[in-house]
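>>> Structure here, sequence nowhere to be found:
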């Protein structure tokens, strides 16, 4: 490992020495990622299903056992605080496979305040992602051809060489693949080695969630791309909000108001001028039109496919695709074209 | 900076090249620390005081404007989730200067569920600590002799060279000192340089919270030394719990039950055999008596003053001072003597 990030208070390996080669392996082959930082917040007990729904602005009544759903989690003001995958393991057992914020504190506060009969914990479950166009072949060779039939976000609990895993079609890329939720932390190295060996015929190698691929693909990073007043509608998650969920769902009244008024900002793509890679640093960068601030560039990466710096803008509703904007970068102002997301 | 840690999703500088010299500077002189990771969760509005009390198991009705208090924050089960300093800036404005967990999520959930009229935010306030026996001289030379009269955890809002700061007698060491809460993030370098210059006559230098000093001094690290079922009574914080606070305080019913039953575990000191520094890694280490697990060593550092490895044990109530225990360390079992805390 040559670089790492911190996510949910844990180390997330980010590269193994050659980020560009790791990008192309994900795009054309198969890559394996230790994404154990995607912690599970587990809801267990008679009120687990009710609490899961209370926490989500998306209708879970249609979610079957064995199914997962991508859900915006909003606070009472309708602003995003996380965007996990919910896994329904049984009628009274749910996992929220979370993005980067202490959701167990949030879930416990809501559950206890409402007197719900549910136990909230963080079980020892660490996902290993297998991603890329050849991921299915690798995972099928390990677990059997049934994985080819799994629909997106559906999962199955199984075992391999004595290692309990939950196999889900999922992953933080648009190149296809699976996440193997390891349910026995002592066996992480054994699972890693099994996948590594099974993947040899397809040239598997270690990698990590790719900033370049995820921006090209239009995936949201709910921590980096949002601020404290970002509603799901502003960042293209409106389709995951069901306004007719019960009134007891946290934030639903606010979301109905926001939806009725229409969001004031939206998230669009940016293609920057210039052919020198200049990824964004830690801070958002100001976006201007005619000298007036219209929003912020929340992320920016060098796109190997577009051979340009590309980014996301969280901009005023008045700022539209095909317009030109100026971005105030550390080295000076750069022009960019506004485009629809995703890039691919 | 030569090493760093992550705290509240930010980088915390940990050393500037010579940890042992930094330890002795703190013990005998004056050290300055960038502890901007101690974020402030701000409660503002008509119900700010009521919410502050609801979140704390310590009686805040006696807290005056200009006063701070160290408070355990517990969940509804009476288990610790943070141990901030509460600062009462006015009757309707409080800061929780927090340890390492997303308290703003917790505070917002409780406030919203109870329908309180309070706004919760994380203002741009970053503490700079000045610590050590000569800290008072340095801070007095900067702000005036009035700082010498400040009682522990009391504070005053002031300004220096146009930089707004809140000066509090506080800090995560037992060597005395102050925290300067910078209220304008653009002026961090200016404040740092002012303190650095003012401290020259006393030999000030950069440093960081010292693991060795804090363990010698018996200070709690509420993230590292506690687990999900640790009550304040188990980790020597019982004196900061007032069982007669109003019933609406989160966790107070559970705390009354735990207090009545008597805690099952307690926190004691450990003096390990051997004279080779062997600090603890990321995991707790098992403590045994007569071959049976009685608890865990939650931290372990080399003590320059005791010339031994010393640690904290979170152990069964049956395990007492002056007894001997065995600790299962990565390199083998090590004997340790159990002692009262603090070491100094």
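Arrived safely, thanks for sending. Not measured: the values here are computed from a predicted model. Residues are numbered from 1 along each chain as shown, chains lettered A, B, ... in the order given.
>>> Skipping adjacent residues, who's closest to residue A:265 in space?
Sequence neighbours aside, residue A:234 is the residue nearest to residue A:265 in space, at 4.7 Å (criterion: Cβ to Cβ, 6 or more residues apart in numbering or on different chains). Any C-beta I mention is one placed from the backbone N, CA and C, and that applies to glycine too.
>>> wait, what's in contact with the one you found?
A:263-267, A:314 (Cβ atoms under 8 Å, 6 or more residues apart in numbering or on different chains).
>>> what's the helix or strand where residue A:301 lies packed up against?
Counting by DSSP states H and E, the element that carries residue A:301 is strand A:292-303. Other helices and strands packing on strand A:292-303, by 3 or more Cβ pairs under 8 Å, 6 or more residues apart in numbering or on different chains; DSSP states H and E, are helix A:211-216, strand A:265-272, strand A:285-289, strand A:308-316.
>>> The residue nearest to residue A:265 should be in a helix, yeah?
Yes - counting by DSSP: H, G, I helix; E, B strand; the rest coil, residue A:234 is found in a helix.
>>> For it, give its distance to chain B.
Separation of residue A:234 from chain B (Cβ to the nearest Cβ, to the nearest Å): 19 Å.
>>> Then residue A:82?
Plainly put, residue A:82 is 9 Å away from chain B if you go by Cβ to the nearest Cβ.
>>> all strands in the stretch 1-150 of chain A, in order from the N-terminus.
For the stretch 1-150 of chain A, the strands defined by DSSP state E, counting those that start in this stretch occupy A:3-7, A:10-15, A:31-34, A:40-44, A:68-70, A:73-74, A:80-82, A:85-90, A:93-97, A:119-121, A:126-131.
>>> Distance to residue B:282 and mean neighbour count for those - can I get that in a markdown table?
Output for these, formatted as a markdown table (distance: least, Cβ to Cβ, whole Å; neighbours: other Cβ atoms under 10 Å in any protein chain shown):
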| stretch | distance to residue B:282 | mean neighbour count |
| --- | --- | --- |
| strand A:3-7 | 13 | 15 |
| strand A:10-15 | 10 | 18 |
| strand A:31-34 | 15 | 26 |
| strand A:40-44 | 20 | 23 |
| strand A:68-70 | 30 | 20 |
| strand A:73-74 | 28 | 26 |
| strand A:80-82 | 25 | 26 |
| strand A:85-90 | 27 | 21 |
| strand A:93-97 | 23 | 23 |
| strand A:119-121 | 20 | 17 |
| strand A:126-131 | 15 | 24 |
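>>> Just send the ones you listed back as JSON lines, with distance to residue A:104 too.
Below are these laid out as JSON lines (distance: least, Cβ to Cβ, whole Å):
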{"stretch": "strand A:3-7", "distance to residue A:104": "15"}
{"stretch": "strand A:10-15", "distance to residue A:104": "14"}
{"stretch": "strand A:31-34", "distance to residue A:104": "21"}
{"stretch": "strand A:40-44", "distance to residue A:104": "5"}
{"stretch": "strand A:68-70", "distance to residue A:104": "19"}
{"stretch": "strand A:73-74", "distance to residue A:104": "12"}
{"stretch": "strand A:80-82", "distance to residue A:104": "11"}
{"stretch": "strand A:85-90", "distance to residue A:104": "14"}
{"stretch": "strand A:93-97", "distance to residue A:104": "9"}
{"stretch": "strand A:119-121", "distance to residue A:104": "6"}
{"stretch": "strand A:126-131", "distance to residue A:104": "16"}
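>>> what's the least confident stretch among these?
Mean pLDDT per stretch puts strand A:3-7 lowest among the strands of the stretch 1-150 of chain A, at a mean of 85.
>>> and the angle from that one to strand B:10-15?
Angle between the axes of strand A:3-7 and strand B:10-15 is 120 degrees (criterion: axes from the mean of the first three to the mean of the last three Cα atoms, to 10 degrees).
>>> Quick check: which helices or strands does strand A:3-7 pack against?
On a contact count with 3+ Cβ pairs under 8 Å, 6+ apart, strand A:3-7 meets strand A:10-15.
>>> Pairing partners for the strand it packs on, with directions?
If you go by DSSP bridges, strand A:10-15 pairs up with strand A:3-7 (antiparallel).
>>> is stretch A:20-35 up against chain B anywhere?
No - interface with chain B: stretch A:20-35 contributes nothing (Cβ under 8 Å from any Cβ of the partner chain), its closest point being 15.5 Å away.
>>> repeat for stretch A:187-194
No - between stretch A:187-194 and chain B, judged by Cβ under 8 Å from any Cβ, nothing touches; the nearest distance is 13.8 Å.
>>> Buried residues, that stretch. List them.
Judged by neighbour count using 16 or more other Cβ atoms under 10 Å in any protein chain shown, the buried positions of stretch A:187-194 are A:187, A:191-192, A:194.
>>> Please apply the same query to stretch A:311-321.
Within stretch A:311-321, the residues that count as buried by 16+ other Cβ under 10 Å are A:311-316, A:319.
>>> All the helices of the stretch 101-250 of chain A, in order from the start?
For the stretch 101-250 of chain A, the helices defined by DSSP state H, counting those that start in this stretch occupy A:103-113, A:135-143, A:188-198, A:211-216.
>>> export those to JSON lines and tack on mean pLDDT?
What follows is these, written out as JSON lines (pLDDT from 0 to 100):
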{"stretch": "helix A:103-113", "mean pLDDT": "96"}
{"stretch": "helix A:135-143", "mean pLDDT": "98"}
{"stretch": "helix A:188-198", "mean pLDDT": "98"}
{"stretch": "helix A:211-216", "mean pLDDT": "96"}
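>>> sorry, back to before: tell me the one of the buried residues of stretch A:311-321 nearest chain B?
Ranked by distance to chain B (Cβ to the nearest Cβ), the buried residues of stretch A:311-321 are led by residue A:314 at 19.0 Å.
>>> Show me which residues of chain A sit near chain B.
Contact residues, chain A versus chain B (Cβ under 8 Å from any Cβ): A:6, A:9, A:75-76, A:81, A:100-103, A:105-106, A:108-110, A:112-114, A:121, A:228, A:250.
>>> I'd like to know which of the residues you listed are buried.
Here, 16+ other Cβ under 10 Å leaves A:9, A:75-76, A:81, A:100-103, A:105-106, A:108-110, A:112, A:250 buried among the residues of chain A next to chain B.
>>> tell me the two of those that are most distant?
Greatest spatial distance among those (Cβ to Cβ): A:9 and A:76, at 25.0 Å.
>>> quick one: contacts of the lowest-mean-pLDDT helix or strand in chain A?
Here the helix or strand of chain A ranked lowest by mean pLDDT, DSSP states H and E is strand A:3-7, holding a mean of 85. Outside of strand A:3-7, the residues within contact range by Cβ under 8 Å, 6+ apart are A:11-15, A:37, A:100, B:6, B:9.
>>> would you list those residues in CSV and tack on distance to residue A:277?
Formatted as CSV, the contacts of strand A:3-7 follow (distance: Cβ to Cβ, whole Å):
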residue, distance to residue A:277
A:11, 25
A:12, 22
A:13, 22
A:14, 16
A:15, 15
A:37, 26
A:100, 25
B:6, 26
B:9, 26
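>>> and of those residues, the nearest to residue B:340?
residue B:6 (32.2 Å).
>>> Identify the bridge partners of that closest one.
residue B:11.
>>> May I have the secondary structure class of residue A:279?
Quick answer, by three-state DSSP: residue A:279 is coil.
>>> Local confidence estimate at it?
94.
>>> my guess is it meets residue A:272, correct?
No - assessed by Cβ atoms under 8 Å, residue A:279 is found out of contact with residue A:272, at 10.9 Å.
>>> list the residues that contact both of the two?
A:300, A:309.
>>> between the two, which one's more packed in?
Applying other Cβ atoms under 10 Å in any protein chain shown to residue A:279 and residue A:272 shows that residue A:272 carries more neighbours, namely 21 against 13.
>>> ok, that one touching residue A:307?
No - in this structure, residue A:272 is not within contact of residue A:307 by Cβ under 8 Å, at 11.5 Å.
>>> I would like the residues contacting whichever strand or helix holds residue A:338, please.
Using DSSP H and E, residue A:338 falls within strand A:332-339. Applying Cβ under 8 Å, 6+ apart, the external contacts of strand A:332-339 come out as A:268-274, A:287-288, A:297, A:309, A:311, A:313, A:315, A:319-327.
>>> Cheers, nothing more for now.
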